[in-house]
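A.B. asks: here is my input, please return the structure:
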Amino acid sequence: MRVLDVCFARGTTGFFFDDQAAIKKGADRDGFVYRGEPSTGGFHKIRQAGECVSIMLVLEDGQVALGDCAAVQYSGAGGRDPLFLAETYLPFLQREIAPRLKGRVFDSFREAAAEFDQLQIEGRPLHTAIRYGLSQALLDGVARSSGRLMAEVVAEEYGLPLQARRVPIFAQSGDDRYLNVDKMILKGVDVLPHALINAVDGKLGRHGQDLLEYVGWLARRIQDLRPDPSYQPDLHIDVYGTIGLIFDHDPSRIAEYLGTLEKAAGAFRLYLEGPVDMGGRELQMEVLGQIRQSLDQRGSSVRIVADEWCNTYQDVVDFTDRKCCHMVQIKTPDLGSLHNTVQSVLYCRAHGMEAYQGGTCNETDVSARACVHVALAAGAERMLAKPGMGFDEGYMMVNNEMERTLALLRRRALD
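C.D. replies: A predicted model of the protein is given here:
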């Protein structure tokens, strides 16, 4: 494809930027906002409206390839890049990125994405959100100019067999963790509910009692509402390191508590994401590994999911090689270019690690649809329904894009 011109547009994301450090410290909730001073650099409020920048590549045949630069809800936390604000980065994109795209011919998504992923300007790599949006636009452009689906482009460039097979979808409830569970059960979601356990008081409980009660309710609710006994979703709960806070980051005590959650989950397989946040990459791997070892010694089936401090392809490799967890969240915006997501999923699959292709509620419809194609081509074990925290909208976008793509792949297999 030849890029004739480049346009940028400021947009909004499916959720908000949140100062995770301030929330963990107990920021007061007032309606939908948080009161108090932010704790993370770049924030002027604890909760701010999410922003994105759309990149539009005008191709020589008149088509427009699209990608959205977007960053995670908890930007600036866990070793991640700072807030991505359109006011800050639009001038940079116009000055530095547009001239590098205009007039160029890109025939390979993989090569083009890697080029911009490695690009440094004034000694610094591009913000992960920019690399993310650029790679979406490049993938869309190569697909459009060659008459292929984005999933087909990824599969062909990586030599992967592309099968018309669903990737299980993981839905997130946001703070409405009861009502949205009912919706998830009625729609037969594969993995649920995320639950957003990002604070001790009111969500986890000083002794873990609130989460224990919730897991028990969750198991009973599925059994009560499921259309038939064959519906057996996995339970996946993100606790944002809060369990470590109440048990002084003691791996043995944490594993013991996770065992009580396992009993409450009953027949449903339980995944716990981010039981601790140790404030650094090496210590995070060490303590997660100790928790996993303690669970194994107890004969527990609880699965530990890594999130914080696992932000790059190299992080995914290292967490996998250390075997410090059972599943890695490949958080797509944090990895920058989508080719890093592909390579991360493939590395996990080759080394016995479950690959959860995640992301954030703070993405857009454009990035979510591109991620569906990557997950299908690379063969992720599960992917996140995104964007937003209302469940229905994000699940609809991801599920419907997946079903449309699968239908086209089946049709092409018959040709």
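A.B. asks: from here on, just use CA atoms for contacts and neighbour counts.
C.D. replies: Fine.
A.B. asks: next up, phi/psi of residue 47, please.
C.D. replies: phi -120, psi 130 (degrees, to the nearest 10).
A.B. asks: which residues sit against stretch 87-100?
C.D. replies: Stretch 87-100 has contacts (C-alpha atoms under 8 Å, 6 or more residues apart in numbering) with 5, 6, 8, 10, 53.
A.B. asks: mind running it again at 6 Å?
C.D. replies: Applying C-alpha atoms under 6 Å, 6 or more residues apart in numbering, the set of residues contacting stretch 87-100 from outside is residue 6.
A.B. asks: which residues does residue 359 contact?
C.D. replies: So residue 359 contacts 331, 332 (C-alpha under 6 Å, 6+ apart).
A.B. asks: what kind of secondary structure is it in?
C.D. replies: State at residue 359, reduced to three classes by DSSP: H, G, I helix; E, B strand; the rest coil: coil.
A.B. asks: quick one: pLDDT of it?
C.D. replies: If you check residue 359, the pLDDT there is 95.
A.B. asks: likewise for the one 5 residues further on?
C.D. replies: The predicted local distance difference test score for residue 364 is 98.
A.B. asks: using the three-state scheme, assign residue 78.
C.D. replies: Three-state assignment for residue 78 (three-state DSSP): coil.
A.B. asks: need phi/psi at it.
C.D. replies: Dihedral angles (degrees, to the nearest 10) for residue 78: phi 60, psi 30.
A.B. asks: ok, it touching residue 309?
C.D. replies: Yes - taking C-alpha atoms under 6 Å as the definition, residue 78 is a contact partner of residue 309 at 5.1 Å.
A.B. asks: quick one: which of the two has more around it?
C.D. replies: residue 309 (23 against 19; other C-alpha atoms under 10 Å).
A.B. asks: so who does that one touch?
C.D. replies: 78, 79, 281.
A.B. asks: in CSV, list those residues along with distance to residue 261 and pLDDT.
C.D. replies: Compiled in CSV, those are given as follows (distance: C-alpha to C-alpha, whole Å; pLDDT from 0 to 100):
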residue, distance to residue 261, pLDDT
78, 25, 75
79, 29, 79
281, 26, 95
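A.B. asks: from those residues, which single one is nearest residue 387?
C.D. replies: Nearest to residue 387, judged by C-alpha to C-alpha, of these is residue 78 at 20.6 Å.
A.B. asks: from residue 62, how far off is the closest one?
C.D. replies: Look at residue 78 and residue 62: by C-alpha to C-alpha, to the nearest Å, they are 42 Å apart.
A.B. asks: same deal with residue 4?
C.D. replies: From residue 4 to residue 62 the distance is 9 Å (C-alpha to C-alpha).
A.B. asks: which of those two has more residues huddled nearby?
C.D. replies: The residue with more neighbours, out of residue 4 and residue 62 and counting by other C-alpha under 10 Å, is residue 4; that gives 16 against 10.
A.B. asks: can you check which helix is longest in this protein?
C.D. replies: For the chain, the longest helix by residue count, based on DSSP state H, is helix 392-414.
A.B. asks: can you give me how far that helix is from the chain middle?
C.D. replies: Here helix 392-414 is found 19 Å from its chain centre; the criterion is C-alpha atoms, centre = their mean, to the nearest Å.
A.B. asks: other residues contacting that helix?
C.D. replies: Against helix 392-414 from outside (C-alpha under 6 Å, 6+ apart): 164, 385, 386, 387, 388.
A.B. asks: ok, so of those residues, who is nearest residue 170?
C.D. replies: Among the contacts of helix 392-414, and counting by C-alpha to C-alpha, the member closest to residue 170 is residue 385, at 5.8 Å.
A.B. asks: what's around the closest one, how many residues?
C.D. replies: The number of residues near residue 385, taken as other C-alpha under 10 Å, comes to 29.
A.B. asks: quick revisit: so how do I select the buried members of the contacts of helix 392-414 in ChimeraX?
C.D. replies: This is how ChimeraX selects the buried members of the contacts of helix 392-414, with burial counted by 16 or more other C-alpha atoms under 10 Å:
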select :164,385,386,387,388
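A.B. asks: in CSV: the contacts of helix 392-414, plus distance to residue 108, secondary structure and pLDDT.
C.D. replies: Shown next, in CSV, are those (distance: C-alpha to C-alpha, whole Å; DSSP: H, G, I helix; E, B strand; the rest coil; pLDDT from 0 to 100):
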residue, distance to residue 108, secondary structure, pLDDT
164, 23, coil, 92
385, 28, coil, 98
386, 27, coil, 97
387, 28, coil, 96
388, 31, coil, 94
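A.B. asks: report the distance from the helix or strand harbouring residue 256 to the chain centre.
C.D. replies: Secondary structure assigned from DSSP states H and E places residue 256 in helix 251-265. Averaging C-alpha positions (C-alpha atoms, centre = their mean) puts helix 251-265 25 Å from its chain's average.
A.B. asks: residues touching it, excluding its own?
C.D. replies: With contacts defined as C-alpha under 6 Å, 6+ apart, helix 251-265 is touched by 212, 215, 216, 219, 290, 291, 295.
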